[in-house]
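In: Pasted the sequence and its predicted model underneath.
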There are 2 protein chains.
Amino acid sequence: MISLNHALDIPLYRQLSTQIMESVVRGELLAGDTLPSVRALAGDLGVNMHTVNKSYHELEAKGIIEIVPKKGAVIKAKEQKISTKRLEGLSDEFRPIVVEALINGMNQEEIYMLITNIISKVRED
Amino acid sequence: MISLNHALDIPLYRQLSTQIMESVVRGELLAGDTLPSVRALAGDLGVNMHTVNKSYHELEAKGIIEIVPKKGAVIKAKEQKISTKRLEGLSDEFRPIVVEALINGMNQEEIYMLITNIISKVRED
């Protein structure tokens, strides 16, 4: 159920990674599930194989999937507790956007509301 | 007081944009202040002029600065209220990172705490 939008400012590989992560959050993809091969998914989506490859490598770096020889990209079991390293990585990713929100005059409460809305949307979609 | 880290995964132009935005949040850069010319800043930081140029264009697109002919990059006055378009843009930027936090087992409260920590850090630094 992936739909990529060429008109957005967000690179296609990031759109793909995000949508795969959202499927995991919604329980549509479970630990042990295998993603389509790079070639097959690129064909289905009508994008370059490089795009799918880049997305799978991003998901692997984020610890969401594991590339298993002869099996392909497999969804990993969730960690019980987020590692300090990953938490720092997330903090680094959040920081520029939090700063952008602050500079646009949003306060902490308003940022919380934005996050709450996003969480509901991700769970509903 | 800009310091760019070549070892980070974050592109240099984004590091630069973020640090300029943080200076605005802390009140070190005020509306009407002019940023150094692209050539001067690139020279000071020892980076390509293209990097500074890309950062200034990003800041312009985000409504943080205005490129004024013969004057250069000028910090804009804060909007009284965030526009719907900018709010949607921020939501699109937050979404993949919120999803990544959820997939790493963080709940809403933990994401709030992460945001609160970032806000304190930005204001202190």
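Out: Cool, the structure landed.
In: So A:Q19 sits against A:I2, correct?
Out: Yes. Checked against Cβ atoms under 8 Å, the pair A:Q19 and A:I2 is within contact range at 5.1 Å. (Glycine included, C-beta is placed from N, CA and C.)
In: what secondary structure does A:V74 sit in?
Out: Look at A:V74: counting by DSSP: H, G, I helix; E, B strand; the rest coil, its state is strand.
In: Could I get the phi/psi values of the residue nearest the centre of chain A?
Out: Closest residue to the average C-alpha location of chain A: A:T18 at 2.8 Å, with Cα atoms, centre = their mean. With angles defined as degrees, to the nearest 10, A:T18 shows backbone torsions of phi -60, psi -40.
In: can you check A:G105 too?
Out: When read as degrees, to the nearest 10, the backbone of A:G105 gives phi 80, psi 10.
In: follow-up on the earlier one: B:V99 is in contact with the residue nearest to the centre of chain A, correct?
Out: Yes. Using Cβ under 8 Å, A:T18 is in contact with B:V99, at 5.9 Å.
In: Sketch out the low-pLDDT regions of chain A for me.
Out: Applying pLDDT under 70 to chain A picks out residues A:125.
In: any idea where the helices of it begin and end?
Out: Along chain A, counting by DSSP state H, helices occupy A:12-25, A:38-45, A:49-61, A:84-103, A:108-124.
In: most packed of those?
Out: Of the helices of chain A, the one with the most neighbours on average (mean count of other Cβ atoms under 10 Å in any protein chain shown) is helix A:12-25, at a mean of 21.
In: Please see if that one touches chain B.
Out: Yes. For helix A:12-25, a contact with chain B is found by Cβ under 8 Å from any Cβ of the partner chain, at A:14, A:17-18, A:21-22, A:24-25.
In: Could you list the alpha-carbon positions for that helix in PDB?
Out: Extracted C-alpha coordinates of helix A:12-25, given in PDB (Å, rounded to 0.1, in the frame of the first residue of the first chain):
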ATOM      1  CA  LEU A  12      11.300   9.300  -2.700                       C
ATOM      2  CA  TYR A  13      13.600   6.900  -0.700                       C
ATOM      3  CA  ARG A  14      12.600   8.700   2.500                       C
ATOM      4  CA  GLN A  15       8.900   8.600   1.700                       C
ATOM      5  CA  LEU A  16       9.300   4.900   1.100                       C
ATOM      6  CA  SER A  17      11.200   4.300   4.400                       C
ATOM      7  CA  THR A  18       8.600   6.300   6.300                       C
ATOM      8  CA  GLN A  19       5.700   4.400   4.800                       C
ATOM      9  CA  ILE A  20       7.300   1.100   5.600                       C
ATOM     10  CA  MET A  21       7.900   2.200   9.200                       C
ATOM     11  CA  GLU A  22       4.300   3.400   9.500                       C
ATOM     12  CA  SER A  23       3.200  -0.100   8.400                       C
ATOM     13  CA  VAL A  24       5.300  -1.600  11.100                       C
ATOM     14  CA  VAL A  25       3.800   0.800  13.700                       C
END
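In: so what's A:V25 up against?
Out: Contacts for A:V25 (Cβ atoms under 8 Å, 6 or more residues apart in numbering or on different chains) come out as A:122-123, B:99, B:102-103.
In: Then A:G105?
Out: Contact partners of A:G105, counting by Cβ under 8 Å, 6+ apart, are B:78-82.
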